[in-house]
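S.K.: Curious how this folds, go ahead:
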Amino acid sequence: MSRMLLVNPPSALGIYEKSHVKVGMTTAPFITLASLAAALLDAGHEASVADLMIEEDPLGVYRSRLREWRPDFVGITFTTPLWGDARSLAEIARIELPTAVLVAGGVHATTLPEEVLRSGAFDLVVVGEGERTVVDVCSRIPPRDIPGVAFLEDGTFTATQARPMIENLDDLPLPAWQLFDLSRYRAPHIASRRNPVGYMETNRGCNHNCFYCSQNIFWHKIRAKSPRRVVDEMFRMLDFGFRDIHIKDNNFTADIGRAKTICRMLVEEGFDAPWALPTGVNVHDVDEEFFTLARKAGCYQVAFGIESGDEDILKGVNKPQSLEKMRKAVVMADRAGLETLGNFMLGLPGETEETMKKTTSFALSLPLTYAKASMTLPFPSSPLYRIIKEDGRLLSEDWDRYNFHCTSEVWKHDNLDWDTIHRYYNSFHRKFYFRPSYMWKRFLRDVRMGQLVVDARAALRNKW
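M.R.: The predicted structure follows:
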């Protein structure tokens, strides 16, 4: 039996600190670590979680945990903007526990395993889906015999054969929420109904191939938990103390029949907690019946990946969605009584000032409760990155600069300079949230919900 400390870097939330979306940022236990820990515990190993995102003195807490618990393995999962954080955490662990094996995971490590290893910070990289791989690692199976890992041996980079994806997600043990102190997590009212909020997944993968997408852990084949498993897991989350559930699937409605069945079961079984779909549904999959069922089942918010108000720009990034279809989906959700969130991107390939104006105008024309824009970045796991690098337009691979809400110039856009993209990013949010019609509608909603003072303070904290 071995013990592994699973770590969430301290800047997991801080990367949004200078953005216009910071007022809606939620702190919630990290579903990835809960799932990895559950797999370890189920296999007879010991697991603990250090969620440094919620600590006032994250490095002090981290050092104390290493010294007191003395894990055999330290696993750190991270995205591209968190690579610097992850490297520093690994270096601290190397000093505190020289004999511990330092394991990297997540989308950045999966994409660039050799770079991560040659930094000298990590001993092993888990490539792709991690639940079964971390069990093999903690069982001390030689790395060469473990599918889905990468390592250096006498300076030579080695990646083992890919591990097959877990076909039946119902086989996964239930997430180890008992390892988290839920009292320490809070979400603002614009992103939740009650606290604490819990994240969950009901499927893995995405059935679309957008050029800018950086999610390469679960690829493009959809694997889904059964409706029975999903509903049982949601009720279990309430037993642990969660009071609001955010489903973090790339596309909850990839199988619309399954999505509707889940909603019907929640209604029939009296599920009485609010839940939301903050990472979105695809407008090609949904219909009026789904939104009506979801609202009846307790869903209060649904997000849409709209990205652009110009159809040619959308086609150029392999997202062939008509503006009319997107409008229809948002209107259906709004009519069903759901809050709606539109996600947009500025600076997409082919973008001009005129197309960014179209995007802002399209956002203003939709019945959206919230809208947020990000600035396009070529994350290393995306097709966009490969295209830009091949064209010689990649200006930096300093991953600390890759933050799509307050980025510096890391690639050369085909038409625009970054001052212009920043200007439209700021303008998008100002125009959306400071329209008289929106402000009046928001005022009435805040009065009705008793949130007027909280909303006013949030607006004043933001730098528009």
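S.K.: Can you get me the start-to-end distance on stretch 201-211?
M.R.: End-to-end distance for stretch 201-211, by CA to CA, to the nearest Å: 23 Å.
S.K.: Only the buried residues of it, if you could.
M.R.: Under the neighbour-count criterion of 16 or more other CB atoms under 10 Å, stretch 201-211 has E201, T202, N203, R204, G205, C206, H208, C210, F211 buried. In this view, the C-beta of every residue, glycine as well, is placed from N, C-alpha and C.
S.K.: Can you tell me which one of those residues carries the smallest pLDDT value?
M.R.: Minimum pLDDT across the buried residues of stretch 201-211 is recorded for H208, with 79.
S.K.: Can you list phi and psi of that residue for me?
M.R.: Main-chain dihedrals, H208, degrees, to the nearest 10: phi -130, psi 160.
S.K.: and it, how far is that from P383?
M.R.: 12 Å (CB to CB, to the nearest Å).
S.K.: list residues touching both of these two?
M.R.: N318 (CB atoms under 8 Å, 6 or more residues apart in numbering).
S.K.: can you name the two of the buried residues of stretch 201-211 that are farthest apart?
M.R.: T202 and F211 (25.9 Å; CB to CB).
S.K.: about what we covered before: mind listing which of the buried residues of stretch 201-211 are in strands?
M.R.: Among those, the members falling in strands (DSSP state E) are N203, R204.
S.K.: Which one of the buried residues of stretch 201-211 is nearest to V231?
M.R.: T202 (9.7 Å).
S.K.: and that closest one, what is it in contact with?
M.R.: Neighbours of T202 in contact, by CB under 8 Å, 6+ apart: A224, K225, V230, I247, D249, F252, I262.
S.K.: from the buried residues of stretch 201-211, which single one is nearest G148?
M.R.: R204 (15.0 Å).
S.K.: So the closest one sits against K248, correct?
M.R.: No - when contacts are counted by CB atoms under 8 Å, R204 is not listed as touching K248 (10.4 Å).
S.K.: D272 against I245, yeah?
M.R.: No - the pair D272 and I245 fails to qualify as a contact (CB under 8 Å) at a distance of 11.7 Å.
S.K.: Between these two, which is the more surrounded one?
M.R.: I245 (24 against 8; other CB atoms under 10 Å).
S.K.: Torsion angles phi and psi at the more buried one?
M.R.: The phi/psi pair for I245 (degrees, to the nearest 10) is phi -120, psi 130.
S.K.: quick one: it from T202, how far?
M.R.: 10 Å.
S.K.: What of A43?
M.R.: 24 Å.
S.K.: same question, E289
M.R.: Applying CB to CB to E289 and T202 gives a distance of 19 Å.
S.K.: Kindly report the same for L293.
M.R.: 15 Å.
S.K.: Now do the SS call for H246.
M.R.: strand (DSSP: H, G, I helix; E, B strand; the rest coil).
S.K.: Near it, how many residues? Count them for me, please.
M.R.: 22.
S.K.: Just list whatever residues bridge to it.
M.R.: Y199, A276 (DSSP bridges).
S.K.: shouldn't it be in contact with T26?
M.R.: Yes - counting by CB under 8 Å, H246 touches T26, with 7.3 Å between them.
S.K.: what's the overlap in contacts for the two?
M.R.: Counting by CB under 8 Å, 6+ apart, the residues touching both H246 and T26 are S192, V197.
S.K.: Identify the residues contacting the nearest residue to A121 once chain neighbours are set aside.
M.R.: Leaving aside its sequence neighbours, A121 sits nearest to A90 (CB to CB, 6 or more residues apart in numbering; 3.8 Å). By CB under 8 Å, 6+ apart, the contact set of A90 is V74, I76, L102, A104, A121, F122.
S.K.: likewise S2?
M.R.: Contacts of S2 by CB under 8 Å, 6+ apart are H45, E46, D72, F73, C138, S139, R140.
S.K.: Any buried residues in stretch 171-188, and which?
M.R.: Buried, per 16+ other CB under 10 Å, within stretch 171-188: L172, P175, A176, W177, L179, F180, L182, Y185, A187, P188.
S.K.: should've said stretch 253-262
M.R.: Result for stretch 253-262 [16+ other CB under 10 Å]: buried residues T253, A254, D255, I256, R258, A259, K260, T261, I262.
S.K.: Give the helix, strand or coil label for the second one.
M.R.: Under three-state DSSP, A254 falls in the coil class.
S.K.: if I look at it, how far off is N209?
M.R.: 13 Å.
S.K.: try V283
M.R.: Taking CB to CB, one finds V283 at 16 Å from N209.
S.K.: In the protein, what helix or strand scores lowest on average pLDDT?
M.R.: Taking mean pLDDT, DSSP states H and E as the measure, the chain has helix 452-461 as its least confident helix or strand, at a mean of 51.
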